[in-house]
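Q: Take this sequence and fold it.
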Amino acid sequence: MARQDSETLWIAIGALGAMALGVALIPLRTLTSASNLAFGFLALTIVVAELGGRTAGLATAVVSALSLNFFLTEPYLEADHQPIRRHHRLCRAGRLRVDRRRLRAAPCAIVRDARPGA
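A: Got it, this is the predicted structure:
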């Protein structure tokens, strides 16, 4: 087998293996944190990089990160978490303060009930 064919094969093995690992770990996502499950993706990436080369390792690492995010982190089975929109919704609801000069979130201020007698 030519070197190019072997490299292409390892890229496919790594990418498909990362997706399969993500699906296989779904039952464990409620039992432990995603950071513990990430070790499986790390081990897969190291093995594929060693046997398939740098390009296969890079492809496996990228697909592993996407699989970990998609299958094993909340909200489950969503590709776009939209953290910026969620952050802005919290700001508008008064649950989060933003220091716009530094563009970072400040700790949430306690929102007091505005009803009389509360």
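
Q: For residue 28, grab the count of nearby residues.
A: 13 (other CB atoms under 10 Å). (C-beta placed from N, C-alpha, C; glycine too.)

Q: Next: the one 10 residues further on.
A: Residue 38 is flanked by 15 other residues according to other CB under 10 Å.

Q: In contact with it: list those residues for me.
A: Contact analysis of residue 38 by CB atoms under 8 Å, 6 or more residues apart in numbering lists residue 68.

Q: Quick check: buried residues in whichever strand or helix holds it?
A: Using DSSP states H and E, residue 38 sits within helix 34-52. Under the neighbour-count criterion of 16 or more other CB atoms under 10 Å, helix 34-52 has 34, 37, 40-41, 44-45, 47-49, 52 buried.

Q: just these: which has the poorest pLDDT?
A: Ranked by pLDDT, those bottom out at residue 34, which has 88.

Q: Look up how far residue 69 lies from that residue.
A: Taking CB to CB, to the nearest Å as the measure, residue 34 falls 9 Å from residue 69.

Q: can you check residue 31 too?
A: 19 Å.

Q: what do you get for residue 63?
A: 11 Å.

Q: What of residue 47?
A: 21 Å.

Q: One more: residue 78?
A: 9 Å.

Q: can you give me the helices in this structure?
A: In the chain, the segments counted as helices under DSSP state H are 3-24, 34-52, 54-72, 83-92.

Q: Quick check: residue 19 touching residue 64?
A: No: the criterion here is CB atoms under 8 Å, and residue 19 misses it with residue 64 at 9.0 Å.
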